[in-house]
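[1] sequence unavailable; structure follows:
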């Protein structure tokens, strides 16, 4: 598949295609990227999770997914040499639905989310996933399994 067409297809799966598109292709490499099965989340299949009850329900809905796409966000340092904030947003997507967990609103990382992410039998994928996993481990003191 020509690189331009592949990038066009990849844009549907990235949160910031102008910034992440080329990096996704370089990180995956052409051979690996061609072997991946990509999926698109239909409009309206996204849920913002801001309560503990909603987090428990979202984790239950994702429990049977064998693979999850993950992306995390944190506050950048406010001054040069400053320390970045803790992971504040965890976005998890299965083939059917995307859940965006707003951790400060929930009161931290709920145990159900920790259990879901630490399951070694589940594959966790994403662009720069090792960096995201390192941040989650550093901030919330648990291992993310199945990467």
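    Right, received. Where do you want to start? As the structure is a prediction and not an experimental result, all values here were calculated from the model. Numbers count the residues shown, from 1 in each chain.
[2] I'd like the average pLDDT over stretch 112-124.
    Stretch 112-124 shows a mean pLDDT of 92.
[3] buried sites along that stretch?
    Neighbour-count burial for stretch 112-124 flags 112, 113, 114, 116, 117, 118, 122, 124 (criterion: 16 or more other Cβ atoms under 10 Å). For every residue, glycine as well, the C-beta is placed using N, CA and C.
[4] and if you look at stretch 47-65?
    49, 54, 55, 58, 59, 62, 65.
[5] do stretch 67-76 as well
    Quick answer for stretch 67-76 (16+ other Cβ under 10 Å): 68, 69, 70, 71, 72, 73, 74.
[6] next, the fourth one: secondary structure please.
    When the structure is reduced to helix, strand and coil (DSSP: H, G, I helix; E, B strand; the rest coil), residue 71 reads as strand.
[7] domain ranges for this protein?
    1-38, 39-140 (automatic domain parsing).
[8] lowest-confidence stretch among these?
    When I compare these, domain 1-38 is least confident, with a mean of 46.
[9] verify the stated contact: residue 65 with residue 95.
    Yes - applying Cβ atoms under 8 Å, one finds residue 65 in contact with residue 95, separated by 7.4 Å.
[10] mind listing the helices for this protein?
    With DSSP state H applied, the chain shows helices at 3-10, 17-28, 30-35, 52-62, 103-106, 111-118, 129-140, listed in chain order.
[11] what's around residue 79, how many residues?
    6 (other Cβ atoms under 10 Å).
[12] now do residue 132
    22.
[13] so what's the closest residue to it other than its chain neighbours up against?
    Leaving aside its chain neighbours, residue 132 sits nearest to residue 72 (4.5 Å; criterion: Cβ to Cβ, 6 or more residues apart in numbering). The contact partners of residue 72, taken as Cβ atoms under 8 Å, 6 or more residues apart in numbering, are 87, 89, 90, 91, 132, 135, 136.
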